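K.L.:
prediction below, plus the sequence it came from.
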Amino acid sequence: MSLEITTREFDRVIVVDVVGKLTTTEGRTQLRDLIHVFSETGHKGFLLNLAGVDYVDSSGMGELVRCFSTVRQKGGEMKLLQVNKKVADLLQMTRLHTIFEIYSEERVALGTFGRGA
């Protein structure tokens, strides 16, 4: 399954729904490019919904970190939503869980973004 990405906006927070595999061959820089475009247009809040992501390799992890870095450099916030057990274990193993805020409920996650996100 190829990587599919759709976006929704709630109170200036961009919810990015990701479905498929986040790997070297799937999607390449599609996620990073999308985050960059929204960042350049003034958006500062990003919630990546990974409920539909069944596999992430080291390249995919790198993409998540690059996206996070891009958003932070612009003064924004990026959080993760509905991370499955495999991906959560990988985030734990790589200690990346220490940089990402991870939520299981969209409503709760959206409520954590600062005003003017």
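P.N.:
Arrived safely.
K.L.:
who does the residue nearest to Gly52 when sequence neighbours are not counted bridge with?
P.N.:
Once flanking residues are discounted, Gly52 sits nearest to Val19: 3.3 Å by Cβ to Cβ, 6 or more residues apart in numbering. Heads up, the C-betas are built off the backbone N, CA and C, glycines and all. For Val19, the residues forming beta bridges with it (DSSP bridges) are Glu4, Gly52.
K.L.:
correct me if wrong: Val19 contacts Gln30.
P.N.:
No - using Cβ atoms under 8 Å, Val19 is not in contact with Gln30, being 11.9 Å away.
K.L.:
which residues do the two both contact?
P.N.:
Common contacts of Val19 and Gln30 (Cβ atoms under 8 Å, 6 or more residues apart in numbering): Leu3, Ile5.
K.L.:
contacts only, for the most centrally placed residue in the chain.
P.N.:
The chain has Leu48 as the residue nearest its centroid, 3.2 Å off, counting by Cα atoms, centre = their mean. The contact partners of Leu48, by Cβ under 8 Å, 6+ apart, come to Val16, Val18, Leu31, Leu64, Cys67, Met78, Lys79, Leu80, Leu81.
K.L.:
no further queries at this time; thank you.
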